[in-house]
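>>> Here's a sequence, model it:
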Amino acid sequence: MRSASPALDPSFLVSLFSSYNPATGEIVWTGRAASRGEVSEAVGRATAAARSWSRTDLAARESLLRTFAKVLETRRLQVAGAISCEVGKPTWEALSEVASMIGKIELAITAHARRTAEFTGGPAVTRFRPHGVVAVLGPFNFPGHLPNGHIVPALLAGNTVVFKPSEYAPSVAEHYAAAWREAGLPAGVLEVVPGGRDTGAALAEDPGINGLFFTGSARAGLQLAETFARTPEKILALELGGNNPLVVWPPRDLTAAAVLVVQSAYLTAGQRCTCARRLIVPVGAAGDAFLAELVRLLGTLRVGPFTQQPEPFMGPVISAAVAAQVLAAQEDWIARGATALVALRSLRPGTGLVSPGLIDVTAVRERRDEEVFGPLLQVIRVADFPAALAEANATRYGLAAGLIADDPALYARFRDEVRAGIVNWNQPLTGASGAAPFGGVGRSGNHRPSGFFAADYCAYPVASIEVAELKRPAAWPPGLQP
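Residues are numbered from 1 along each chain as shown. Here you go, the predicted model:
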């Protein structure tokens with residue numbers, strides 16, 4: 001009896017999933033989600049490759065990473081195109097993401113040399129070892145750059161990696177893996193297991209991994225923390241979201257300040273973990289004038305698919321379902337007393353295209369400390385700067401915070417008192433340097449900063465006191481007489 005073809009196998013059909021262009025709803029990619037068994041097999045291949053890869057000379061690993069950067073440069077248009085198609089980023093932004101992926105190579109090499117260099121302290125020498133097999137769960141908002149920010153330093157340190165990309169962006173992951181293969185990465189050193197929540201859970205729970213690196217929502221991060229609480233021998237690095245405050249103490253140039261707010265709140269359709277969620281502005285004429293300028297500027301923003309000309313500033317949120325959630329969040333705020341200064345609207349039903357929203361929630365009592373992952377910015381009016389600081393710190397999270405003001409003394413106070421891992425002054429809140437640590441406090445992570453400090457969680461220190469020639473001590477310890 002002939003076995004059924006894969007296309008007719010019910011289990012095969014159940015495992016099929018697709019990614020969609022969020023601006024049009026069109027299918028971009030269709031394939032199979034990795035099963036628990038296939039995840040286990042991928043971990044097994046990574047385990048088999050780990051010994052050889054960890055013993056590969058560091059200079060050889062650095063050389064391969066540099067080759068990968070060159071390959072990625074030749075493929076940048078294809079990779080950027082995949083990012084735009086699957087997550088809706090305008091072309092200019094997708095190309096910027098690929099540039100960050102390429103730039104990560106030299107930054108990671110520098111960071112590894114600084115953060116994990118062999119050193120002596122007293123009679124001991126400290127060296128660093130890779131963990132073994134690490135899992136990386138990728139997000140959709142930066143489907144290339146953020147997983148790359150974990151994978152590159154992990155490979156450089158001598159780990160092998162099993163990568164589960166976002167189910168919204170499997171095509172980007174395919175382009176990414178193809179670039180590594182072209183660069184000459186040995187088989188098994190990087191395994192890709194596409195799929196959704198079940199695939200991610202199977203990878204997180206697999207006994208063969210030695211750690212997991214995750215960038216994503218606080219809710220998912222808490223679930224992972226609960227899973228890993230039973231396995232303290234495995235490292236878990238979490239970079240989560242935030243209810244990020246941006247304080248504007250109106251400067252002389254209101255237009256420049258409004259541009260910074262737009263970049264802080266609406267880049268990537270408000271889907272960056274560092275996006276401003278709460279805009280804190282003083283009551284009175286100066287605050288009124290600033291908000292009027294911000295409202296005017298929002299009316300000029302171009303929103304649309306990446307194919308639109310002239311290019312849009314903002315593309316869609318990741319799906320029609322997420323667009324509906326952001327609209328529902330706005331309606332909930334208004335029902336509880338908020339006022340829409342600029343109402344967020346659906347621009348094309350059935351897609352993720354929405355306009356930017358700006359709502360005044362000052363009158364809402366018991367404001368919810370939640371991250372709305374989309375282009376909806378809350379305005380909170382305050383009487384003075386101490387009240388602004390109190391509002392900024394009124395959150396369980398602590399990823400990013402920013403101040404726009406002319407007075408250096410205000411920033412000195414803000415920097416010292418605000419509780420966040422990233423604190424910017426007169427810069428977009430979404431601007432983070434790859435040459436600095438990246439991460440937050442509170443519910444925004446577990447004190448494993450990424451960025452330049454990713455080298456810290458990709459290897460562990462081994463301290464050794466070593467004597468080449470065995471000698472008898474001048475005196476035996478009390479109570480010990482051979």
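>>> Report how many residues lie close to residue 406.
Applying other Cβ atoms under 10 Å, we find 13 residues neighbouring residue 406. C-beta: built from backbone N, CA, C; applies to glycine.
>>> looking at it, it is touching residue 252, isn't it?
Yes - using Cβ atoms under 8 Å, residue 406 is in contact with residue 252, at 6.2 Å.
>>> now residue 170: how far from residue 136?
Distance of residue 170 to residue 136, given as Cβ to Cβ, to the nearest Å: 14 Å.
>>> same check, this time on residue 130
Residue 130 is 14 Å from residue 136, by Cβ to Cβ.
>>> Tell me which of the two has more neighbours.
Taking neighbours as other Cβ under 10 Å, residue 130 and residue 136 compare with residue 136 leading, 26 against 22.
>>> For that one, list each beta-bridge partner.
Applying DSSP bridges to residue 136 gives these bridge partners: residue 163, residue 213.
>>> who's in contact with residue 268?
Contact analysis of residue 268 by Cβ atoms under 8 Å, 6 or more residues apart in numbering lists 89, 93, 141, 275, 314, 315, 430.
>>> Can you add neighbour count, distance to residue 156 and pLDDT and give those residues back as JSON lines?
Below are the contacts of residue 268 laid out as JSON lines (neighbours: other Cβ atoms under 10 Å; distance: Cβ to Cβ, whole Å; pLDDT from 0 to 100):
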{"residue": "89", "neighbour count": "28", "distance to residue 156": "27", "pLDDT": "98"}
{"residue": "93", "neighbour count": "22", "distance to residue 156": "27", "pLDDT": "98"}
{"residue": "141", "neighbour count": "25", "distance to residue 156": "24", "pLDDT": "97"}
{"residue": "275", "neighbour count": "31", "distance to residue 156": "29", "pLDDT": "98"}
{"residue": "314", "neighbour count": "25", "distance to residue 156": "35", "pLDDT": "97"}
{"residue": "315", "neighbour count": "27", "distance to residue 156": "32", "pLDDT": "98"}
{"residue": "430", "neighbour count": "23", "distance to residue 156": "27", "pLDDT": "94"}
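>>> Residue 369: which of the residues you listed is nearest?
Residue 369 has its nearest neighbour among those in residue 275, at 15.6 Å by Cβ to Cβ.
>>> Quick one: residues contacting the closest one.
Contacts here follow Cβ under 8 Å, 6+ apart; on that basis residue 275 touches 244, 264, 265, 266, 267, 268, 429, 430.
>>> ok, now residue 284?
Residue 284 neighbours (Cβ under 8 Å, 6+ apart): none.
>>> What score does it have for pLDDT?
If you check residue 284, the pLDDT there is 97.
>>> quick check: domain ranges of this protein?
Split into domains by automatic domain parsing, the chain comes to 10-240+445-464, 244-425.
>>> Dump these to a markdown table, plus distance to residue 472.
Output for the domains of the chain, formatted as a markdown table (distance: least, Cβ to Cβ, whole Å):
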| stretch | distance to residue 472 |
| --- | --- |
| domain 10-240+445-464 | 17 |
| domain 244-425 | 52 |
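>>> Okay, and which of the contacts of residue 275 map to helices?
Taking DSSP state H, the ones among the contacts of residue 275 that sit in helices are 264, 265, 266.
>>> for the stretch 101-250 of the chain, what spans make up the strands?
Assigned by DSSP state E, counting those that start in this stretch, the strands in the stretch 101-250 of the chain fall at 119-121, 124-130, 133-137, 160-164, 190-192, 211-215, 235-239, 244-248.
>>> In TSV, list those strands along with distance to residue 398.
Shown next, in TSV, are the strands of the stretch 101-250 of the chain (distance: least, Cβ to Cβ, whole Å):
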stretch	distance to residue 398
strand 119-121	31
strand 124-130	28
strand 133-137	22
strand 160-164	27
strand 190-192	32
strand 211-215	16
strand 235-239	12
strand 244-248	9
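>>> and residue 470, which of the ones you listed is closest to it?
Of all the strands of the stretch 101-250 of the chain, strand 124-130 sits nearest to residue 470, with 17.8 Å by Cβ to Cβ.
>>> Run me through the strand neighbours of the closest one, direction for each.
With DSSP bridges as the criterion, the sheet partners recorded for strand 124-130 are strand 119-121 (antiparallel), strand 459-465 (antiparallel).
>>> okay, those strands, which one's buried deepest?
Most buried of the strands paired with strand 124-130, by mean neighbour count (mean count of other Cβ atoms under 10 Å): strand 459-465, with a mean of 12.
>>> CA atoms of that strand as PDB?
Taking C-alpha atoms only, strand 459-465 is exported to PDB below (Å, rounded to 0.1, in the frame of the first residue of the first chain):
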ATOM      1  CA  ALA A 459      29.900  32.900  27.800                       C
ATOM      2  CA  TYR A 460      30.600  32.100  31.500                       C
ATOM      3  CA  PRO A 461      33.900  32.700  33.400                       C
ATOM      4  CA  VAL A 462      36.100  29.900  34.700                       C
ATOM      5  CA  ALA A 463      38.600  30.900  37.400                       C
ATOM      6  CA  SER A 464      41.700  28.700  37.800                       C
ATOM      7  CA  ILE A 465      44.600  28.700  40.200                       C
END
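>>> Let me see the mean pLDDT of that strand.
96.
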